[in-house]
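*Asks:* What follows is a predicted structure for the sequence shown.
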Amino acid sequence: MASFRSDPPPLTSGNSRVKDARKLARRASRAERRTFLADGPKAVEAALLAEGCLLEVFATAAASEQYAELRAASPRWSVVDDRALASLSDAVHPQGLVGVCRFIDRPLGHLLSGATASSAGPRLVTICADVRDPGNAGTVIRCADAAGGDIVVLAGHSVDAYNPKTVRATAGSLFHVPLAIEPSPADAVATVQGAGLVVLAADGAGELDLDEAIDTGLLRSPTAWLFGNEAWGLPEELAALADHRVRIPLHGRAESLNLSTAAAVCLYASARAQRR
């Protein structure tokens, strides 16, 4: 293990660089500077692998020793005391290091053009419309990554992708799947349809159930799944823009599935159909 015994005294919470990084807890500061905080070793490692994303890491002395290889690969690493680290993390139990990262979102049209996707173009896109809960949004991003999704879109009044709780809920997947942020869910739907994808609205009152969508081969096409708000789902006018509305069949007595579970079911159904 590498030794860093020549480190200067750890930075305190009153240090100007620590105070400057702490401002990124506020959305306005993140938006102005287009940088955000990524908490924990998984997020920092994933950010490091996203070219040009990781700017700096603040870490305790213990974490600096534990993650010596990560330190050696990082562009800048600052040792801080426990109190300073705690001031940069909103986790109940901070994991000892926090990275400062550049925003990673790109315009949806750019992503759909294939500039960052495979030569065949994107085949599985996730659109979240007005998803407000950071844990749900982060988990959907993680599900999209696990299912091999090509793009995630946070549209409308969705939660800030760079909210610390959202970033933590992605468990590093935020840095794996290309991300777009679109003000209008309707425009996002039109853009992906214009790129040749079939838009499927996840809707409990849909005319198709997911089993039918699988059996008829619908899910083999390049697809964009459209998911709505946790509490009220998709507005009628937005769901009407989709090519099909698809409901998940419920075989037991549960009234519904929560957003992230529904997203996992739908995305994995598409992943299986497309990989056959």
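*Replies:* Done, it's in. Numbers count the residues shown, from 1 in each chain.

*Asks:* residue ranges for the strands of the stretch 1-150 of the chain, please.
*Replies:* 35-39, 54-59, 77-79, 97-102, 124-129 (DSSP state E, counting those that start in this stretch).

*Asks:* partners of the third one in the sheet?
*Replies:* Think strand 77-79. The pairing partners recorded for strand 77-79 under DSSP bridges are strand 54-59 (parallel).

*Asks:* avg pLDDT for the strand it pairs with?
*Replies:* For strand 54-59, the mean per-residue pLDDT is 98.

*Asks:* Name the residues of that strand that are buried.
*Replies:* Judged by neighbour count (16 or more other CB atoms under 10 Å), strand 54-59 contains these buried residues: 54, 56-59. (Glycine included, C-beta is placed from N, CA and C.)

*Asks:* got the contact list for it?
*Replies:* The set of residues that contact strand 54-59 without belonging to it, under CB atoms under 8 Å, 6 or more residues apart in numbering, is 11, 18, 21, 35, 38, 44, 47-48, 67, 70-71, 74-80, 84-85, 88, 96-102.

*Asks:* Going by neighbour count, which of those residues are buried?
*Replies:* Burial by neighbour count, judged by 16+ other CB under 10 Å, picks out 11, 18, 21, 35, 38, 44, 47-48, 67, 70-71, 74, 77-80, 84-85, 88, 96-101 from the contacts of strand 54-59.

*Asks:* how about the strands of the stretch 1-150 of the chain, which one is nearest residue 6?
*Replies:* Taking CB to CB as the criterion, strand 77-79 is the member of the strands of the stretch 1-150 of the chain that comes nearest to residue 6, at 10.9 Å.

*Asks:* chain center to that closest one: distance?
*Replies:* 26 Å (CA atoms, centre = their mean, to the nearest Å).

*Asks:* what's the answer for stretch 167-179, then?
*Replies:* When C-alpha coordinates are averaged (CA atoms, centre = their mean), stretch 167-179 and its chain have centres 4 Å apart.
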